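> Any chance you could fold what I've pasted below:
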Amino acid sequence: MPESSQVPGAGRRPGYSYRLALVGLVASGLIVIAAFALPWASASVPLVSGLSGSLTEITFAGRELFALAAAMGWVGLAAVAGIFATRGWARVIIGMVVVGAGLVTIGSSIGFGFDPEPALSVALSGRIGVAPEQWSSTPWWLLGLIGGIGLAAVGVLTLVSGRTWPGLSRRYERAAKTTSTETISTNPGGPLSALTAWDALDRGEDPTT
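From the prediction side, this is the model:
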C-alpha cells in the first residue's frame, strides 16, 4: 500500500490508548480519593440517649460511610505502577481489578444518592449506637460517581488494549542495547566496559578479541 494512502496516526493508536489509560487512572483515582474525603452527610443526634430535646450535629465524610469504596481510589493509582511493570496477560488482570474498583465506587455512590439513611444509620450505630433524628446529605457523592465511572472505563480500556501497550522492561532492554552498540561504534579500539563485555558474551562473541 502506498504511504500516501495510510491513515495518519494509525501506528500511534496503541501508544495513545496507553497514555490515555495512565492519565485516566491518575485522574480517576485522585477524584475518588478527594470525593470520599469530603463531607457527604450530617446527622442530628441527642446528646443523651433517650433525650430528644438537646441535639448535636455529626458530619460524615464519604470514607466514613463507605471505607471500601474510598480505598478504590488508591487501587486506581496502584494500577499505574502495575501497568508500568507488567506486560501481556498480567495487564488483563489489572484491567479486571480496576473495573471491579470502579463498580464498587459506582455502587456505593449511587446507593447513597438514592437513599443516604441506611449508610448514616450504620455509621451512627457504630459510633454512638443511636439512629439519626434528623439528617441531610450533600451532592459530593456525584464526584465519587464520576471517579468510579472513570475507573471502570479505564479498566475496560486496559482489558481491551493492555496487551498491545509497550512495556517498561522492553524499553529498558532497547535502551541498553542501543547504548552498548554506540559504545562499540564510537570507541572500537578502547577498553571494554562491563556492560559492553556482557552484551558481547550474550551474543556468543569473545569480547577480548
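
> so where's this structure shaky on pLDDT?
By pLDDT under 70, the low-scoring segments of the chain are 1-14, 46-55, 126-133, 168-209.

> all helices of it, in order?
Using DSSP state H, the helices found in the chain span residues 13-37, 62-65, 67-85, 89-114, 117-127, 141-161, 168-186, 194-202.

> and Thr56, which of these is closest to it?
For Thr56, the closest of the helices of the chain is helix 117-127, at 11.6 Å, according to Cβ to Cβ. (C-beta placed from N, C-alpha, C; glycine too.)

> So which elements touch that closest one?
In this structure, helix 117-127 makes packing contacts with strand 39-48, strand 51-61, helix 62-65, judged by 3 or more Cβ pairs under 8 Å, 6 or more residues apart in numbering; DSSP states H and E.

> Just the angle for it relative to strand 39-48, thanks.
Angular relation of helix 117-127 and strand 39-48 on a 0 to 180 degree scale: 50 degrees, by axes from the mean of the first three to the mean of the last three Cα atoms, to 10 degrees.

> List the buried residues in helix 117-127.
Of the residues in helix 117-127, those with enough neighbours to count as buried (16 or more other Cβ atoms under 10 Å) are Ala119, Leu120, Ala123, Leu124.

> contacting residues around the third one?
With contacts defined as Cβ atoms under 8 Å, 6 or more residues apart in numbering, Ala123 is in contact with Phe60, Glu64, Leu65.
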